[in-house]
Each structure stands twice: as C-alpha cells, then as structure tokens.
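Participant: okay, here's the prediction I keep looking at, along with the sequence it came from:
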Amino acid sequence: MVNVIEPPKMLSTLDNPFNPFTQYDEWNAFDMSMGYNTNAYLARIAMSSDELSEEDESLAIDQAMNEIVELNLTGNYIIVTKETFKVRTPTI
C-alpha cells in the first residue's frame, strides 16, 4: 500500500482575492469584513476533539470542508491548495 500525501487544503470563498497560504492575515481580514467567519464556521462543523490524533483531527477537518462545499449554502465556498489558488475578481 502506497501512502499518497495530499497537499494541505484550506476552505475559502470565491470572492476572496487573497491566498490563505501566503497572505493569511489579508485573507482573514477580508473574510471577516465580509461576515463569512469561515474559520469559525469550519470549527462548528468539524467533529474535532483534543482526544483525536493529529491524523484523525486532520481527517475531521477535511470531512468538514467537504461537507461545507457540498452543501455550499451560499454558493461561495471552495477548497484550495497553495498550488491551485487563483486570484479571482468579484463580478458585480
């Protein structure tokens, strides 16, 4: 069995022009200013615990991100990696 290491992923929004991997402070400021509070939303959905191993905690966060994007109540959530992030210009 070969372990495939996936690149780290983050939950973001289509209209956030900042890369959460390289411009986290700017990304978070934009996210908060728009009222998304993505980190808090993710924390509410993720089934995490101090009792979980690091691997299980990572899996819980991955599952929560996938659930948020699958339900996508606002139609705005996306999952990005450092390599797949693209600057998007909001459409008016």
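Facilitator: Everything's here; your move.

Participant: quick check, pLDDT for the residue nearest to residue 85 when sequence neighbours are not counted.
Facilitator: Closest residue in space to residue 85, ignoring its immediate chain neighbours: residue 19 at 4.6 Å, by C-beta to C-beta, 6 or more residues apart in numbering. To be clear about C-beta, it is placed using only N, CA and C from the backbone, and glycine gets the same treatment. Looking at residue 19, its pLDDT is 93.

Participant: and the end-to-end length of stretch 46-58?
Facilitator: By C-alpha to C-alpha, to the nearest Å, the extent of stretch 46-58 from end to end equals 10 Å.

Participant: quick one, helices of this structure?
Facilitator: Along the chain, the stretches classed as helices by DSSP state H are 24-33, 38-45, 54-71.

Participant: so for this protein, the centremost residue is which one?
Facilitator: What sits nearest the mean C-alpha location of the chain, by C-alpha atoms, centre = their mean, is residue 11, with 1.1 Å.

Participant: grab the nearest non-local neighbour of that one.
Facilitator: Looking at residue 11 with C-beta to C-beta, 6+ apart, the closest residue is residue 65, at 4.7 Å.

Participant: so what's the residue count around that neighbour?
Facilitator: For residue 65, the neighbour count with other C-beta atoms under 10 Å is 21.

Participant: lowest-scoring secondary structure element of the chain by mean pLDDT?
Facilitator: helix 54-71 (a mean of 91; mean pLDDT, DSSP states H and E).

Participant: who's in contact with that one?
Facilitator: The list of residues contacting helix 54-71 from outside it, by C-beta atoms under 8 Å, 6 or more residues apart in numbering, reads 9-11, 41-42, 45-49, 52, 77-79.

Participant: derive a PyMOL selection command for the buried subset of these.
Facilitator: Applied in PyMOL, the following selects the buried portion of the contacts of helix 54-71 according to 16 or more other C-beta atoms under 10 Å:
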select buried, resi 9+10+11+41+42+45+46+48+77+78
